[in-house]
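Undergrad: this one's structure only:
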DNA sequence: GTTATGTGCAACCCGTCAGTTGCACATCAG
DNA sequence: CTGATGTGCAACTGACGGGTTGCACATAAC
């Protein structure tokens, strides 16, 4: 439900693996973003069908889907011998929260914009 | 500031280099996000000073700053022999827009949330 | 002018990752 | 059962990117 929390970032101190990583990492690849969007527009699809819309092999798409799945951006559902991937949204909110939370740091209006709590902070120690 | 457009995604078509790429790419690296946040919290700083807060060399930080700069997330300003990097916000909005625009596709509520922005309410500026 | 501090450039490891291919396994249709 | 379609796994390759070091250049301080 895209609930923006505006926290979405535990204290890192300069370095440390945070859950945001796999999320932004998943979103970093253009193909992955395309896959995600296509999934959104067309509804749940199998990797095979999905791959037909891209200039890549099924396996490549599968890899992307795995990445997206680990990031919590898509969910896989088995239907017989087929596996349908469906876009999910919760995780996306975290990315938005970080962006908004970060921008709030130097743009007060951003925080008001989203009605976020000023607890936003992930600063490097 | 932080004007969320909720469109921000031209037809994906399956492939094609879009400006969003360098943006998400810049945000993909955890160190880069840390640098960005630190820049936000501490205000403009030189690469050298900035590097002291990280377990990396100045050069590493410089590279990240270059990436952030190309993505339009920070701006460099020369001051004598020093160069101060300052966080900027416009570009961040594009990322938010994409996320919101994407989520809106399969989550109507997201659009309402985005509705607090397409041109909007207060952030628009 | 000399020294100290700060930036810029280039070359160089090394790991990771996108994408590939090949093949084995599972399921549906006849 | 047999063949067709779909998925899963593993190994391999090539490229890109993060991080490093070393050194040259620029500016500030004395």
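TA: Good, I have the coordinates. All values derive from a computational prediction rather than experimental measurement.
Undergrad: so does stretch A:48-65 get close to chain B?
TA: Yes: legend: contact between stretch A:48-65 and chain B by Cβ under 8 Å from any Cβ of the partner chain is shown at A:53, A:54, A:55. From N, CA and C alone the C-beta is placed, and that goes for glycine too.
Undergrad: Kindly state the pLDDT recorded for residue A:92?
TA: pLDDT, residue A:92: 89.
Undergrad: Next up, identify which helix or strand it is on.
TA: Using DSSP states H and E, residue A:92 sits in helix A:90-106.
Undergrad: Can you tell me the closest non-neighbouring residue to residue A:39?
TA: Of all residues not flanking residue A:39 in the chain, residue A:87 sits nearest, at 4.4 Å (Cβ to Cβ, 6 or more residues apart in numbering or on different chains).
Undergrad: What about the one you found, how many residues nearby?
TA: When neighbours are counted by other Cβ atoms under 10 Å in any protein chain shown, residue A:87 registers 24.
Undergrad: Now do the contacts for residue A:35.
TA: Counting by Cβ atoms under 8 Å, 6 or more residues apart in numbering or on different chains, residue A:35 touches A:50, A:54, A:61, A:64, A:65, A:68.
Undergrad: rerun at 7 Å
TA: A:50, A:61, A:64, A:65, A:68 (Cβ atoms under 7 Å, 6 or more residues apart in numbering or on different chains).
Undergrad: does DNA strand C sit close to the helix or strand where it lies?
TA: Taking DSSP H and E as the definition, residue A:35 sits inside helix A:30-42. Yes: contact of helix A:30-42 with DNA strand C (Cβ under 7 Å from any atom of the strand) involves A:31, A:32.
Undergrad: Please identify the buried residues of that helix?
TA: For helix A:30-42, burial by neighbour count (16 or more other Cβ atoms under 10 Å in any protein chain shown) applies to A:30, A:31, A:32, A:33, A:34, A:35, A:36, A:37, A:38, A:39, A:40.
Undergrad: Show me what the helix or strand following it packs onto, helices and strands only.
TA: Downstream of helix A:30-42, the first helix or strand assigned by DSSP H and E is strand A:45-46. In terms of contacts (3 or more Cβ pairs under 7 Å, 6 or more residues apart in numbering or on different chains; DSSP states H and E), strand A:45-46 is packed against strand A:82-87.
Undergrad: and the strand it packs on, is it in reach of DNA strand C?
TA: No: on the criterion Cβ under 7 Å from any atom of the strand, strand A:82-87 is out of touch with DNA strand C, staying 7.6 Å away.
Undergrad: List the buried residues in that strand.
TA: For strand A:82-87, using 16+ other Cβ under 10 Å, the buried residues are A:83, A:84, A:85, A:87.
Undergrad: Now it: average pLDDT?
TA: Mean predicted lDDT for strand A:82-87 stands at 96.
Undergrad: For the residue in chain A that chain B sits nearest to, give its distance to residue A:22.
TA: Distance from chain B to each residue of chain A (Cβ to the nearest Cβ) is smallest for residue A:28, at 3.4 Å. Per Cβ to Cβ, to the nearest Å, residue A:28 is found 10 Å from residue A:22.
Undergrad: that older thread, isn't the residue nearest to residue A:39 right up against residue A:36?
TA: Yes: when contacts are counted by Cβ atoms under 7 Å, residue A:87 is listed as touching residue A:36 (6.0 Å).
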